[in-house]
Structure formats: structure tokens, C-alpha cells
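Visitor: Dropping the sequence and predicted coords here.
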Amino acid sequence: MGSDQYVPPSGRRFDAAALEGFAEALLTRAGLAREPARDVAQVLVEGDLMGHNTHGLQLLAPYLRDIGLGHLCTEGEPEVVADHGAAVTWDGRFLAGPWLVRRAMDLAFDRIDTHPVITVVIRRSHHIACLAAYLKRATDRGLVMLLSCSDPSAASVAPYGAIAGRYTPNPIAAGFPTDRLPVLIDISASTTTNGMTSRMNREGTGRLLAGPWLVDNRGEPSDDPKVLLDDPPGAVLPLGGMDLGHKGFALGLLVEALTSGLGGHGRADGETGWGASVFLQVLNPAAFGGRERFVRETGWLAEACRTAPVKPGAPPVRLPGERGLALREQQRTAGVTLHPEILPALAPYAERWQIRSPLPLGEG
């Protein structure tokens with residue numbers, strides 16, 4: 001979460017269902033079948049609901065662009081590379097990423113009573129959007145889920161000690177139930193994301209990051225996203241920055257091994273298409289120490305963290321996912337606040353296909 005966590009300002013808000021319908025209509029007119037279009041629309045809006053506004057509907061215009069260019073495949077099924085019951089590998093053929101991930105989750109849910117741990121690896125998926133947007137489907141079933149991805153076509157994050165990018169921010173997500181709210185983790189193995197730095201550079205307002213999260217091409221730490229546009233470009237630092245980036249570097253390498261490594265396809269193949277290598281694992285606590293004992297442990301720890309003493313006047317400890325879940329409920333009721341550049345980017349597609357953009361609440 002970190003720099004991508006978003007608290008909506010006061011302003012125009014949109015009905016979540018209307019946004020989903022709008023996104024689905026654009027995707028179907030672009031050529032995507034109804035089921036994948038619905039899944040993509042729901043996952044994108046879920047990202048905005050939870051406050052990840054660089055990985056919500058912000059992605060719809062580039063998805064539509066890739067459909068038009070033939071880079072996002074609109075027909076067919078993933079190819080089964082291997083299926084050992086509890087270990088499955090798909091070639092996603094650059095089909096819609098959110099649809100592929102949801103299908104992989106459904107496969108895991110169908111098999112979880114037979115196999116207490118199900119792992120699905122997807123190579124050559126298209127982009128899968130916000131990882132946090134998937135987790136609640138598993139935790140609502142009392143399951144634990146791990147999800148991670150990398151993009152073999154991009155290299156914006158520098159290895160620790162280097163000044164040039166060699167891999168991607170490589171997010172790591174996990175969700176598990178407690179006796180109250182689930183814990184939902186979504187972090188990158190880098191100091192910031194490509195989505196955030198790209199947006200700041202598009203805005204061109206001289207905005208700076210909240211810290212020296214980048215390294216320029218001379219090896220100096222920087223808070224200016226413009227260093228990523230230099231020739232040669234600078235790079236995003238691994239999580240931990242200049243001081244403790246060896247930890248983020250290690251996590252980033254682990255994600256590469258779990259995604260492209262296990263999938264058997266990635267950077268070594270010279271991949272050029274925007275997409276994702278995906279690692280997804282679902283675990284059933286009932287098959288280990290028992291579900292009741294699992295939530296007893298996770299619930300105890302969650303409450304112990306919430307009630308840990310803080311500095312006088314400071315807010316109480318907030319567990320991963322609490323803010324996103326609260327924002328999700330708030331915006332489902334009061335409406336979703338979109339980043340100002342999202343609807344203008346979609347306007348040309350809406351005009352071309354004569355699809356009416358949703359009106360802000362109170363203006364219909």
C-alpha cells in the first residue's frame with residue numbers, strides 16, 4: 001500500500017455499480033467477451049473502492065488500448081501446461097489478467113477440500129491490476145491466499161547497489177481471516193510503483209515523492225520522478241531504499257522465482273508484451289491445526305497489535321487492510337471518488353462507441 005494508498009477528497013462521487021457497468025460496456029464493445037469484461041470491470045472498481053487509485057479504473061484506458069492493438073487477447077482459453085491436482089501451470093496467452101486470476105481462484109476453491117494447498121502459476125497473463133482486490137474472495141471462505149506477480153517485459157527497479165533497473169516492483173499480497181476483520185496485505189518489493197511515478201510524470205507539475213525512493217543515473221538518491229525519464233533512466237529503489245534495500249531486493253528476487261521461474265517463461269525469453277507472470281496459492285487452515293485454532297491465533301495477534309501502546313496523541317495501530325476495507329464500505333455507500341484523469345482518458349472510447357459516461361451522484 002504505502003504511497004498508493006488513497007483517501008478520497010471531498011468532491012464528485014460515482015456509484016460503484018454504474019462504474020462497473022460503464023467499464024464492462026467499454027470492454028465488451030472493444031471485443032472482450034461478457035464474462036471476462038465483467039471480471040475486469042469488477043476488479044478495477046474494487047481497486048478504486050479500496051483506495052488503490054493507480055491500479056483501479058486508471059488501468060482501463062491502457063487495457064482498451066491493448067485490446068485495439070491485439071496485445072490483450074480477447075478469445076479462447078488459457079493453455080494447461082501442467083496439472084498435478086494441487087500444482088497447476090497455465091499459459092495465459094495474454095488473456096485478460098483479472099479474468100485469469102479469478103478463474104485460477106475458482107479452480108483452487110473447487111479443489112481445496114481434496115488438496116489443502118493449491119498453487120496455480122500463470123505465465124503470459126495480461127496485467128492483473130490491484131492484488132488487494134482479489135483477497136477478500138478467499139478470506140470470506142475462511143481461506144488463506146498468497147498472490148504475487150512480476151512483469152517480464154519491464155525493468156524499472158534496481159538491484160540493491162545498482163543504478164539501473166533489472167526487474168519490476170513485484171507486489172506481494174496475502175489475505176487471511178481472523179475472528180474479526182481479515183488481514184489484507186498488499187505491498188511492493190520496491191519503494192514505490194510504476195503506476196505512481198508514471199502518473200506524476202504525466203501530470204508534469206513538479207510533484208516530488210515523499211522520500212528519496214529513486215536513484216538517478218549517477219547513483220544519487222532522488223525524490224524526483226523525472227529521473228526515470230533521463231537518458232539513461234534512473235530506477236526505482238528496492239523496498240528499504242539506499243539503507244536497507246537489500247531486504248527489498250531479496251523479496252523481489254523471490255517473487256521472480258515464484259512467478260516467472262515456476263512458470264518457466266519470463267525475462268530470459270526476451271518477453272516484450274505488457275503483462276504478468278502470476279503466482280497464486282490458496283491454503284485451507286482446516287487441514288492444518290484447524291480453522292477455529294487458526295482464527296484464535298490470528299485474532300489474538302490482531303487484537304494485541306491494535307491495543308499496543310503508541311506515542312501520546314498518536315492514532316492506534318491499524319492492521320493491513322483495515323483502512324482499505326473501511327474505505328470500501330464508505331465508498332459503496334457514499335460513492336467512489338475517481339482521480340481526475342481517469343474519465344477524460346476514457347472519453348474518446350465512450351464517444352467512439354456512444355456509451356454514456358456515468359454521471360456523478362446528485363447530477364443524474
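Guide: Received it, and whenever you're ready, just let me know what you need. Numbering: from 1, shown residues only.
Visitor: only C-alpha atoms for contact and neighbour calcs from this point on.
Guide: Noted.
Visitor: pull the helix or strand with minimum mean pLDDT from this protein.
Guide: Lowest on mean pLDDT, DSSP states H and E among the helices and strands of the chain sits helix 194-203, with a mean of 93.
Visitor: same for it, what does it pack against?
Guide: Contact partners of helix 194-203 among helices and strands, from 3 or more Cα pairs under 8 Å, 6 or more residues apart in numbering; DSSP states H and E: none.
Visitor: Relative to the whole chain's centre, how far out is the helix or strand following that helix?
Guide: Once helix 194-203 ends, the next helix or strand along the chain (criterion: DSSP states H and E) is strand 214-215. Put simply, strand 214-215 sits 22 Å off its chain's centre (Cα atoms, centre = their mean, to the nearest Å).
Visitor: Can you list the strands that strand 214-215 pairs with?
Guide: strand 221-222 (antiparallel), strand 235-236 (antiparallel) (DSSP bridges).
Visitor: Which one of those lies nearest to Cys73?
Guide: Among the strands paired with strand 214-215, the nearest to Cys73 by Cα to Cα is strand 235-236 (29.8 Å).
Visitor: State the next helix or strand along the chain beyond that closest one.
Guide: helix 241-256.
Visitor: Other residues contacting that next one?
Guide: With contact meaning Cα atoms under 8 Å, 6 or more residues apart in numbering, helix 241-256 is reached by 148-150, 159-161, 167-172, 189-191, 212-214, 221, 237-240.
Visitor: one step back: what's the most buried one of the strands paired with strand 214-215?
Guide: strand 235-236 (a mean of 31; mean count of other Cα atoms under 10 Å).
Visitor: quick one: contacts of that strand?
Guide: 156-158, 163-165, 190-193, 213-217, 227-228.
Visitor: which sections of the protein are below the confidence cut-off?
Guide: 1-11, 364 (pLDDT under 70).
Visitor: Farthest from the middle of it: give me that residue.
Guide: Pro312 (34.7 Å; Cα atoms, centre = their mean).
Visitor: so what's that residue up against?
Guide: No contacts exist for Pro312 under Cα under 8 Å, 6+ apart.
Visitor: Then Gly240?
Guide: Gly240 neighbours (Cα under 8 Å, 6+ apart): 190-191, 246-248.
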